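Chemist: this is a predicted model, with the sequence first.
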Amino acid sequence: MDVTSKPTCHIVRPNHAYDGKQGLSYFQGVAAETVGAKGICMHLLTIPPGVRAKAHLHEAHETAIYMLSGEAHTWYGDRLEHHVIVHAGELFYIPAGVPHLPANLSSTPCTAIIARTDPNEQESVVLLPELDALVPA
């Protein structure tokens with residue numbers, strides 16, 4: 001094996017943000033694009049007060065979320081018919097292919113660590129604009 005192609009360890013400092021298709025801004029993290037990850041993506045997300053994502057699903061990957069601070073409301077299901085509030089210190093799992101829409105309805109930011117099984121964070125994001133109106137703004 002060539003030394004230049006041998007996998008190695010990396011430190012990622014989440015000091016750069018990027019805008020996701022979902023309408024939220026994510027801090028750069030572990031992904032195919034940053035460290036050459038093959039099966040995982042992990043990043044930090046802070047949702048400002050009163051902000052919500054666009055309705056979407058992740059076609060080909062699962063999502064695990066750990067809420068560091070604050071709380072996030074999430075509507076999920078084929079017609080966003082289910083609702084949950086994820087509080088600081090709780091974990092939330094979203095299977096591949098499940099439509100969802102997270103929002104911060106509080107007056108303070110909420111911050112979470114998000115891990116997905118697709119190393120290319122935006123690859124299997126599918127926007128579902130027809131569901132956006134199902135959740136009041």
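Modeler: Cool, got the structure.

Chemist: quick one, what contacts the residue nearest to the spatial centre of the chain?
Modeler: When Cα atoms, centre = their mean is applied to the chain, the residue found nearest the centroid is residue 114 (5.2 Å). Shown in contact with residue 114 (Cβ atoms under 8 Å, 6 or more residues apart in numbering): 26, 42-45, 63-65. All C-beta atoms are positioned from the backbone trio N, CA, C, and that covers glycine.

Chemist: from the residues you listed, which ones fall inside strands?
Modeler: 26, 42-45, 63-65 (DSSP state E).

Chemist: excluding chain neighbours, what is closest to residue 89?
Modeler: residue 67 (6.8 Å; Cβ to Cβ, 6 or more residues apart in numbering).

Chemist: shouldn't that neighbour be within a strand?
Modeler: Yes: under DSSP: H, G, I helix; E, B strand; the rest coil, residue 67 sits within a strand.

Chemist: doesn't residue 131 lie inside a helix?
Modeler: Yes: remark: residue 131 belongs to a helix, assigned using three-state DSSP.

Chemist: test for you: state the pLDDT assigned to the nearest residue to it once chain neighbours are set aside.
Modeler: Of all residues not flanking residue 131 in the chain, residue 55 sits nearest, at 3.7 Å (Cβ to Cβ, 6+ apart). On pLDDT, residue 55 comes in at 96.

Chemist: ok, residue 55 to residue 43 distance?
Modeler: 20 Å (Cβ to Cβ, to the nearest Å).

Chemist: ok, which stretches of the protein are helices?
Modeler: 32-35, 129-132 (DSSP state H).

Chemist: mean neighbour count, these: which tops it?
Modeler: Greatest average neighbour count among the helices of the chain goes to helix 32-35 (a mean of 16), per mean count of other Cβ atoms under 10 Å.
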